[in-house]
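Peer 1: Generate a structure from the sequence data that follows.
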Amino acid sequence: MRRRVRDAAIVAAAMIIMCIYTIGRISSTVVCIGDSITFGAGVYDTRYSESYPAYLQQLLGENYRVVNLGRSGTTAQRANPCAYTRSQQYRRSHMIGADTYIIMLGTNDTKPYNWDARAYESDLRALVEKFAHRVGTENVYLLQPPKCFLNESKGEILYGIDDNIVRDEMRPIVSKMAEDMGVHYIDMYEFTENHPEYYDDGIHPNAYGNKMIAEYLYETIWK
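Peer 2: Take a look at the predicted model:
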């Protein structure tokens, strides 16, 4: 009995030491804010290894911790019942000791019963300001949401999302906001607009698309 207790204590001590050693090696925490695209809905069963934040973790290595705080169905607009600011992920985003925030919200805002350009701009700005206040504008990356493609089997863009709004109305709002606030701007629409192969359903990147997105962010931010 004593031997079992001793062995268990040794194992527990070893695990604690390993955790302390691992934590000690982490130099920076990157928090990814977003909707189902960030969450990894297109690779739901393998999202812990094939979402774009998961691929980004692989690229950055053990000195970084990448935290996926995407929440499916959420909007930047706060009045919406599915607003990101109402989510558990949003609450967690303020409790994690982040060094860098990557923010990509807006695809769900373009649905016809959701879209309000003025509210989107105001509420996204308020969200970005809170994160910028925590880590500084130089450590915030505001991403224009990617292109949404026609689903070939359905003959339409799924979920009521309007790619015209994403491209023509949202894009200038996000780019101007980033410029005004002094945060970094990355145009994911431009990056994805000629790559339908990044998707299976036209909205959510597949494993290949997520890998390409992660590599692009890695090259843009850290190289």
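
Peer 1: Surely Leu69 is within a strand?
Peer 2: Yes. Looking at Leu69 with DSSP: H, G, I helix; E, B strand; the rest coil, it is inside a strand.

Peer 1: neighbours of it, just the number please.
Peer 2: 23 (other Cβ atoms under 10 Å). To be clear about C-beta, it is placed using only N, CA and C from the backbone, and glycine gets the same treatment.

Peer 1: Apart from its chain neighbours, what residue comes closest to it?
Peer 2: With sequence-adjacent residues excluded and distances taken as Cβ to Cβ, 6 or more residues apart in numbering, Leu69 is closest to Gln89, at 4.1 Å.

Peer 1: show me what contacts that neighbour?
Peer 2: Neighbour list for Gln89: 33, 69-71 [criterion: Cβ atoms under 8 Å, 6 or more residues apart in numbering].

Peer 1: before we move on, what about Ala54?
Peer 2: Contacts of Ala54 (Cβ under 8 Å, 6+ apart): 40, 47-48, 66, 68, 210, 214.

Peer 1: Quick check: the gap between it and Phe39.
Peer 2: 11 Å (Cβ to Cβ, to the nearest Å).

Peer 1: where along this structure do the strands fall?
Peer 2: 28-34, 64-70, 100-104, 140-144, 184-187 (DSSP state E).

Peer 1: Which one of the ones you listed lies nearest to Asn206?
Peer 2: strand 64-70 (15.7 Å; Cβ to Cβ).

Peer 1: Show me what that closest one pairs with in its sheet, parallel or antiparallel.
Peer 2: strand 28-34 (parallel) (DSSP bridges).

Peer 1: hmm, back to that, in helices, which of the contacts of Ala54 fall?
Peer 2: Assigned to helices by DSSP state H, the following of those qualify: 47-48, 210, 214.

Peer 1: Which one (most neighbours) among these?
Peer 2: For the ones in helices among the contacts of Ala54, neighbours tallied by other Cβ under 10 Å; top is Asn210, 27 neighbours.

Peer 1: which residues touch that residue?
Peer 2: 40, 42-43, 50-52, 54-55.

Peer 1: can you list these in TSV and add distance to Met181 and pLDDT?
Peer 2: Compiled in TSV, these are given as follows (distance: Cβ to Cβ, whole Å; pLDDT from 0 to 100):
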residue	distance to Met181	pLDDT
Gly40	28	98
Gly42	30	98
Val43	32	98
Glu50	32	98
Ser51	27	98
Tyr52	23	98
Ala54	28	98
Tyr55	27	98
